[in-house]
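> for reference, the sequence and a predicted model appear below.
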Amino acid sequence: MFGRSWIQILSGTPFTIKLFLCRLHYTEYLVELINDSLIDPAELMTSDELRIVLNREYIGVPEQNERQTADEYQLMLLRVSLASSLQLLENSSKK
């Protein structure tokens, strides 16, 4: 896409898009690239970023238990995010 093969894009070689795209079309391009590559951006987010996303979507953010490690807390936030996504999909399919 945009003069590069999918192999080059997915290999992680740095490149710049020299086309002048408006923000909307560039965002659509990124979403298409993420979806086609089966990448889950949530897996790349830190706990702080996951909390921001959950708050933005008005999803209750559980507090970190003092016995939880940072990795365990991040996994719990990922599960909350996944559960809310599944619930949205389930609700939309009932309509």
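All right, it came through fine. Numbering: from 1, shown residues only.

> what's the closest non-adjacent residue to residue 59?
residue 84 (4.9 Å; Cβ to Cβ, 6 or more residues apart in numbering). (Glycine included, C-beta is placed from N, CA and C.)

> average pLDDT across the strand or helix carrying that neighbour?
Secondary structure assigned from DSSP states H and E places residue 84 in helix 70-93. Averaging pLDDT along helix 70-93 yields 82.

> where does pLDDT dip in this structure?
Filtered on pLDDT under 70, the chain yields the residue ranges 1-21, 86, 88-90, 92-93, 95.

> can you pull the contacts of the most centrally placed residue in it?
Residue closest to the mean C-alpha point of the chain, counted by Cα atoms, centre = their mean, is residue 41 at 2.8 Å. Contacts for residue 41 (Cβ atoms under 8 Å, 6 or more residues apart in numbering) come out as residue 34.

> for the helix holding residue 84, buried residues please.
73, 74, 76, 77, 78, 80, 81, 84 (16 or more other Cβ atoms under 10 Å).
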